[in-house]
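Q: With the input below, show me the fold.
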Amino acid sequence: MGKLAIGSHVGGGDPIAQAKELGLDHIQIFLADPQGWKGSIIPHADGAEGLRASATAANIGIYIHARYIINVATTNNKVRIPSRKLLQTDVDAAASVGAKAVIVHGGHVTDGDDPQAGVDNWVKALAQLDMKVPVLIENTAGGKNSMARRLESIKALWGAVGDTGVGFCLDTCHAHAGGIDMGQVADTILGITGRIDLIHCNDSQGAFDSGADRHANLGAGSVGMDNIINCLKTANAPIVLETPFDGVAADLALLRKAL
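A: As a prediction, this is how the structure comes out:
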């Protein structure tokens, strides 16, 4: 294992300045209101080119988190079709700032739906997506009809989309709260997907299998630091902290010492 690149999700005011202050290798940001359907918002006075140039000059990578409202798996046409368009919007915006990847949640179907319909909808969404930058599907914490919470769901989804060029983002809080054994979580996911492209490194306020997507600072939750560090070392992938921001500096120090 070489030196692992470590970053954090940061706010939109001046993300490159925040990255410099914290000594980050990369940042994760939104390029829009994560709960909104409107167009992109580039956090730089000179727009996409300005952000791209600033990041390049500082040697700081950029990851983009797609909007939370995107759900390309759903059988609801009024959500699924706009979600496809919005994912393309976020991918296009990510490409314009030179991002390394776009991370998107696995989504869900509703009660009474065949989960296979969600898998099929993912296949259709990726078939029409112009993947200008890599897209990473992230495991989620809650919902009995989620496409990427349980291991069996992740297996079904990956069996259908694994050869499309899409990647995988493993969130440690989501895995723990979603009921995945954290003792060998990276090995388990690698056995299914063959790849982990990014780690969202978070502790969990919620208990194991609680379904609660509530992040905690490292060591302040219920995942266990041994499990987190073992996961990071095994995955050997870039790391993004999504922990409460007032504790990110301490989380970074802890990770740098442990790794």
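
Q: What about residue 71, how many residues nearby?
A: Residue 71 has 23 neighbouring residues, counting by other CB atoms under 10 Å. Heads up, the C-betas are built off the backbone N, CA and C, glycines and all.

Q: Low-confidence stretches in the stretch 101-250 of the chain?
A: For the stretch 101-250 of the chain, not a single residue meets the criterion pLDDT under 70.

Q: And the strands in it, which stretches?
A: 101-105, 135-138, 167-171, 198-201, 203-204, 215-216, 239-241 (DSSP state E, counting those that start in this stretch).

Q: what separates the fourth one from the chain centre, distance-wise?
A: The gap between where strand 198-201 is centred and where its chain is centred comes out at 7 Å by CA atoms, centre = their mean, to the nearest Å.

Q: now swap in the third one and tell me
A: When distances are taken as CA atoms, centre = their mean, strand 167-171 is centred 6 Å away from the chain's centroid.

Q: likewise the first one?
A: In terms of CA atoms, centre = their mean, the centre of strand 101-105 is found 5 Å from the chain centre.

Q: Paired strands for that strand, with orientation please.
A: With DSSP bridges as the test, strand 101-105 is paired with strand 61-65 (parallel), strand 135-138 (parallel).

Q: what's the closest of those strands to residue 158?
A: strand 135-138 (8.4 Å; CB to CB).

Q: Bridged to residue 203, which residues?
A: Note on residue 203: beta-bridge partners by DSSP bridges are residue 216.

Q: OK, contacts around it?
A: Shown in contact with residue 203 (CB atoms under 8 Å, 6 or more residues apart in numbering): 172-173, 215-223, 228, 243.

Q: Can you list the residue ranges for helices in the stretch 1-150 of the chain?
A: 15-22, 47-58, 77-96, 115-128 (DSSP state H, counting those that start in this stretch).

Q: Pipe these into CSV and attach mean neighbour count and distance to residue 135 per row.
A: Listed next are the helices of the stretch 1-150 of the chain as CSV, based on neighbours: other CB atoms under 10 Å; distance: least, CB to CB, whole Å:
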stretch, mean neighbour count, distance to residue 135
helix 15-22, 18, 21
helix 47-58, 16, 19
helix 77-96, 18, 7
helix 115-128, 17, 8
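
Q: Of all those helices, which one comes closest to residue 191?
A: helix 115-128 (19.1 Å).

Q: contact partners of the closest one?
A: 72-75, 80, 83-84, 87, 107-109, 135, 145, 147, 153, 156-157, 160-161, 164, 166.

Q: Kindly recompute the last result at 6 Å.
A: 72, 73, 75, 84, 109, 147, 156, 157, 160, 161, 164 (CB atoms under 6 Å, 6 or more residues apart in numbering).

Q: Backbone torsions only: list them for the fifth one.
A: Okay, so that is residue 109. The phi/psi pair for residue 109 (degrees, to the nearest 10) reads phi -110, psi 180.

Q: Also the first one?
A: Reported as degrees, to the nearest 10, the phi and psi values for residue 72 are phi -80, psi -10.

Q: and stretch 68-77, how far from the chain's centre?
A: With CA atoms, centre = their mean as the basis, the mean position of stretch 68-77 lies at 17 Å from the chain mean.
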